[in-house]
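> could you work out the structure for the sequence below:
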Amino acid sequence: MASVPVYYYSSVSNLTGRFAEHLAAQTGREVHNLADAAVRRREVEAPWVLLTPSYKAGNADEVTLPAPVKAFLRSPANRRRLVGIIGSGNRNFGEYYQAAARELAAASGRPVLFEFELSGTPEDVDACARILDELDAALAR
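This is a model prediction of the structure:
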């Protein structure tokens, strides 16, 4: 059974990147960093999952979705093959916690599969891995 790849973006803090790396190490799942311009220019050929941080910290006018994620989603093929979203956030953002994942889910009609804070915990990685395994099995049917 094929594993759905995860495409992620992480800022210089690399909190989201650490989670993606732990997920890949634990599961063998492919993860691709959207900070890499070559990755952002790809058109994905099969179902994929987005892992995105939220940066909105209380300013309603502040952009929520990182620019590299927006660039990747400009491709109609990439938007069509997106099957779910994983959100990374900071509870200090209050009502804007997980804003990017939730807003994108509402706009795309795709589900938020999992949410975690900062770089997550080992338990978060385990739980997310189980959810992605269930997604793989569902897509294989």
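> parallel or antiparallel, list what pairs with the top strand by length along the chain.
The longest strand of the chain (DSSP state E) is strand 82-89. Partners of strand 82-89 in the sheet, by DSSP bridges, are strand 48-53 (parallel), strand 112-117 (parallel).
> and among these, the most buried is which?
Each of the strands paired with strand 82-89 was scored by mean neighbour count; the highest is strand 48-53, a mean of 25, by mean count of other CB atoms under 10 Å. Just so you know, the C-beta spots here come from the backbone N, C-alpha and C atoms, and that holds for glycine as well.
> what comes into contact with whatever helix or strand comes next after that strand?
Counting by DSSP states H and E, the element after strand 48-53 in chain order, helix or strand, is helix 67-73. Contacting residues not belonging to helix 67-73 are listed as 7, 9, 34-35, 39-40, 42, 50, 52, 78-79, 82, 100, 104 [CB atoms under 8 Å, 6 or more residues apart in numbering].
> likewise stretch 76-87?
Residues from elsewhere that reach stretch 76-87 (CB under 8 Å, 6+ apart): 4, 6, 42-54, 72-73, 98, 100-102, 104-105, 108, 110-116, 128, 135, 139.
> poorly predicted segments of the chain, please.
For the chain, the stretches flagged by pLDDT under 70 are 1, 56-63.
> in a markdown table: the strands paired with strand 82-89, plus distance to Gly94.
Formatted as a markdown table, the strands paired with strand 82-89 follow (distance: least, CB to CB, whole Å):
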| stretch | distance to Gly94 |
| --- | --- |
| strand 48-53 | 16 |
| strand 112-117 | 13 |
